[in-house]
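*Asks:* using only what follows, build the 3D model:
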Amino acid sequence: MSDDQKPPVEQKASRSSPKGSRSSNKGVITGVLSAVVILAAGGGAVAATSMVPQPSGGTTMDARQADVPAGRALGVCPEPARLVNGTVVGTDADFSPVSTTATSALNAVVLSNPAGTVPGSKVTSLAGDAVAEIAKAPTSTPTPTSGPPVLAAGVASISPVTSPTVVGADPIGNEQASLAAHLSYAATDGDLRGLATAQCQPPGNDAWLLGANTAVGRTAVLNLSNASETPATVNLDLFGYEGQIQAPGARGLLVAPGTTRSVNLAGLAPSESQLAVHVRSTGGPVSGTIQQSVLRGLAPGGVEYLSPGDGPSNLQVMSGVDIQDPAATKALAGKSGFADAVPALQIAVPGSTDAVVQVSLYGANGERKIPSGGVVTVRGGSVATLNLEGIPAGTYTVKASSDVAFVASARVTRGAKAEEATDFAWSPASARLGSQHLVAVPRDGQRFLSFGVPEGRATVTYAPVTAEGAVGKAVDVDMSGGTTSLIELPAKSGDSPIAGYVVSASGDPIYGALVLGKQGRADVSVVAIQDAAAGLEKVPVSVGY
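*Replies:* Purely as a prediction, here's the structure:
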């Protein structure tokens with residue numbers, strides 16, 4: 001059923017607002033297994049003392065904190081967008097070349113420890129073959145001294161990109177390295193005309209992706225990459241407008257080590273204009289993105305990577321939601337095939353309980369009322385879309401809350417004429433900002449940082465990282481609650497191109513995203529700011545005899 005055919009989302013008046021080599025990648029698995037072994041040993045000790053009498057004079061020592069060895073930091077990057085050949089046969093996608101103008105680039109940044117030591121780091125293929133070195137492994141690790149940190153960075157840029165890659169960095173000082181990598185794709189001709197970007201993501205065993213569409217003229221390909229040495233078995237839970245979709249081919253998908261498996265979602269859930277995908281893996285961890293594209297007759301409607309957002313929660317926040325002139329957007333949406341060319345919020349409820357979701361928008365000048373009322377009821381186990389129509393042009397932060405856990409993502413659209421190229425992006429829900437987030441940025445195009453503070457007051461600090469690895473002077477931005485700030489980023493710091501930013505926040509919750517575009521074109525892409533690197537972790541261990 002198309003968007004035009006489906007009944008409108010149920011809306012209610014607002015009553016309440018509830019709140020290297022392949023072996024180089026072993027470290028990330030080893031770190032996890034080390035923690036499991038420690039915990040298992042501790043559990044065994046507890047079980048033994050509960051079944052066997054304590055010997056005379058036995059002593060139980062106080063619980064101590066045991067360090068968990070840090071593993072390698074990894075970011076898995078998708079390959080550039082490619083066309084799917086022919087019609088759907090099964091689910092595995094078959095690809096063809098894109099266009100004569102398609103370009104791609106990978107930019108990777110690895111941050112030093114507070115003493116300025118950059119960890120050994122490199123870019124490899126999924127199978128572990130060397131692609132580029134970011135920084136050599138240090139011969140020594142100086143101890144940080146008191147006072148402000150002295151930060152440096154390792155930087156690598158690769159263009160063009162032809163296949164999925166892995167950015168990896170060794171731990172330093174028994175703490176995981178801080179890294180970020182960004183893949184960008186752009187084309188001015190062909191069916192995949194537009195801009196698509198993604199932050200390279202750490203592999204995991206559980207992820208949610210929203211915004212997929214398999215209706216007529218829409219193509220959604222799920223790419224699952226396994227950068228480990230362990231086979232991964234993936235199960236997909238699919239949710240649509242009518243509820244959960246039972247697709248036998250969505251279970252037991254094998255992804256071999258060092259490979260990517262591409263799944264055409266139309267083979268599992270055809271004609272679904274609102275599709276949420278829950279990716280669960282056993283064995284090796286995987287990273288997943290959806291290559292989503294639109295073709296309206298002969299007119300390309302854009303391309304984007306859909307990246308995982310926050311898991312189910314009672315509160316979801318998305319920043320970088322850019323809204324065009326509402327009158328032009330309404331006129332475009334009224335044309336056949338353009339119903340999805342409007343800004344919108346998509347919500348999926350995994351459980352069986354309906355969720356009443358309160359939605360709020362915060363712009364540069366404070367909160368903006370949503371003409372429809374901002375309250376939407378979503379049936380348990382289904383997906384619903386709330387169009388953000390009638391909102392003045394600007395960049396916003398969207399906050400959604402409910403007493404039932406849900407997942408959410410916001411759609412951004414560009415282009416106002418049916419006969420011209422249009423593009424779209426999705427801003428997934430993200431966690432609040434903390435200390436020292438690393439954001440990689442492309443070397444060209446328009447680049448903006450978007451920060452939103454739903455309530456209270458917060459300060460965000462951002463410092464540029466140059467292509468030479470220097471970390472520049474930080475800029476502080478003090479923000480009041482209920483506002484969004486959009487900051488245009490320069491191409492250079494001094495004479496050096498900017499490769500990324502170090503972002504930190506303090507005060508009340510603040511959320512951020514990177515908004516990208518191309519001058520004079522409708523191209524747009526949005527990526528959420530990822531979590532900062534994990535510090536030294538400990539687990540309690542009890543020892544008795």
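*Asks:* in the protein, which spans are helices?
*Replies:* Assigned by DSSP state H, the helices in the chain fall at 26-51, 326-333.
*Asks:* by mean pLDDT, show me the worst of those helices.
*Replies:* Among the helices of the chain, helix 26-51 carries the lowest mean pLDDT, at a mean of 40.
*Asks:* now do residue 294, the pLDDT please.
*Replies:* So, for residue 294, pLDDT stands at 95.
*Asks:* nearest residue to it other than its sequence neighbours?
*Replies:* residue 301 (3.1 Å; CB to CB, 6 or more residues apart in numbering). Using the backbone N, CA and C atoms, a C-beta is placed for each residue, glycine as well.
*Asks:* from residue 215, how far off is the one you found?
*Replies:* 12 Å (CB to CB, to the nearest Å).
*Asks:* also residue 104?
*Replies:* 27 Å.
*Asks:* same check on residue 163?
*Replies:* 30 Å.
*Asks:* quick one: pLDDT of residue 141?
*Replies:* At residue 141, pLDDT is 74.
*Asks:* residues in contact with it?
*Replies:* 113, 115, 117, 172, 173 (CB atoms under 8 Å, 6 or more residues apart in numbering).
*Asks:* let's see that with 10 Å instead.
*Replies:* Taking CB atoms under 10 Å, 6 or more residues apart in numbering, we find residue 141 in contact with 113, 115, 117, 119, 172, 173, 174.
*Asks:* now residue 428
*Replies:* So residue 428 contacts 208-211, 306-310, 316, 318, 346, 407-410, 513, 526-528 (CB under 10 Å, 6+ apart).
*Asks:* can we see that at 8 Å?
*Replies:* Here residue 428 is in contact with 210, 306, 307, 308, 309, 310, 318, 409, 528 (CB under 8 Å, 6+ apart).
*Asks:* go on, residue 395?
*Replies:* 320, 321, 322, 323, 363, 364, 448, 450, 484, 486, 515.
*Asks:* who's the closest spatial neighbour of the first one, skipping the chain neighbours?
*Replies:* Right, the one you point to is residue 320. With CB to CB, 6+ apart, the residue lying closest to residue 320 is residue 513, at 3.1 Å.
*Asks:* right, and that neighbour touches residue 525 too?
*Replies:* No - using CB atoms under 8 Å, residue 513 is not in contact with residue 525; the gap is 10.3 Å.
*Asks:* tell me which of the two has more neighbours.
*Replies:* residue 525 (31 against 28; other CB atoms under 10 Å).
*Asks:* run through the bridge partners of that one.
*Replies:* residue 516 (DSSP bridges).
*Asks:* go on, residue 401?
*Replies:* residue 315, residue 358.
*Asks:* and for it, the neighbour number?
*Replies:* 20.
*Asks:* follow-up on the earlier one: who's in contact with the residue nearest to residue 320?
*Replies:* Contacts of residue 513 (CB under 8 Å, 6+ apart): 318, 319, 320, 427, 430, 449, 450, 526, 527, 528, 529.
*Asks:* how many residues are close by the fifth one?
*Replies:* This points to residue 430. For residue 430, using other CB under 10 Å, the count is 21.
*Asks:* name the nearest residue to it, ignoring sequence neighbours.
*Replies:* Residue 430 sits nearest to residue 528 (CB to CB, 6+ apart), 3.7 Å away.
*Asks:* separation between the one you found and residue 194?
*Replies:* 19 Å.
*Asks:* the more surrounded of these two?
*Replies:* residue 194 (31 against 27).
*Asks:* residue contacts, the more buried one?
*Replies:* 186, 187, 300, 302, 303, 304, 421, 423, 424, 522, 523.
*Asks:* again, only this time at 7 Å
*Replies:* 187, 300, 302, 303, 423, 523 (CB atoms under 7 Å, 6 or more residues apart in numbering).
*Asks:* now those residues: which count as buried?
*Replies:* 187, 300, 302, 303, 423, 523 (16 or more other CB atoms under 10 Å).
*Asks:* higher neighbour count, residue 163 and residue 215?
*Replies:* residue 215 (23 against 14).
*Asks:* distance of that one relative to residue 85?
*Replies:* On the measure of CB to CB, residue 215 and residue 85 end up 19 Å apart.
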